[in-house]
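Colleague: this one's sequence-less:
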């Protein structure tokens, strides 16, 4: 499994992870098994993965959590730039993960 180290994260990312309810393990899983994010900006890559959630987030119950991770390689170094999370159900489970591994 892909293991990220603190230097792999953009400095503002920890605050975004807390704000959006995303864990380091979810980021690693998304990078390993996710499919390409269609909305990544040019020069940036993105991966999406849908997790079973079945829990409460901000006082509402949700069945799933969709995590999107945006990253790039800067001067030969891998860098996670930011993450997004959407909570809901019946998210599209796009692409074959094996074709999109880092």
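Modeller: Ah, there it is. If you're wondering where the values come from, they're calculated on a predicted model, not measured in any experiment.

Colleague: Contacts made by the longest strand seen in the chain with the rest, please.
Modeller: Longest strand of the chain, by residue count under DSSP state E: strand 60-74. Residues outside strand 60-74 that contact it (CB atoms under 8 Å, 6 or more residues apart in numbering) are 21-22, 26-27, 30-31, 34, 37, 39-41, 43-57, 78-91. Where you see a C-beta, it was placed from the backbone N, CA and C, and this is true even at glycine.

Colleague: Please narrow those residues to those residing in strands.
Modeller: 45-57, 78-88.

Colleague: Put the buried members of the residues you listed into a ChimeraX selection.
Modeller: Buried members of the ones in strands among the contacts of strand 60-74, defined by 16 or more other CB atoms under 10 Å, are picked up in ChimeraX with:
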select :45,46,47,48,49,50,51,53,78,79,80,81,82,83,84,85,87
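
Colleague: ok so, going back, quick one: buried residues of the longest strand of the chain?
Modeller: 64, 65, 66, 67, 68, 69, 70, 71, 72.

Colleague: any idea whether residue 19 is helix, strand or coil?
Modeller: Following DSSP: H, G, I helix; E, B strand; the rest coil, residue 19 is assigned to helix.

Colleague: What count of nearby residues applies to it?
Modeller: Residue 19 is flanked by 10 other residues according to other CB atoms under 10 Å.
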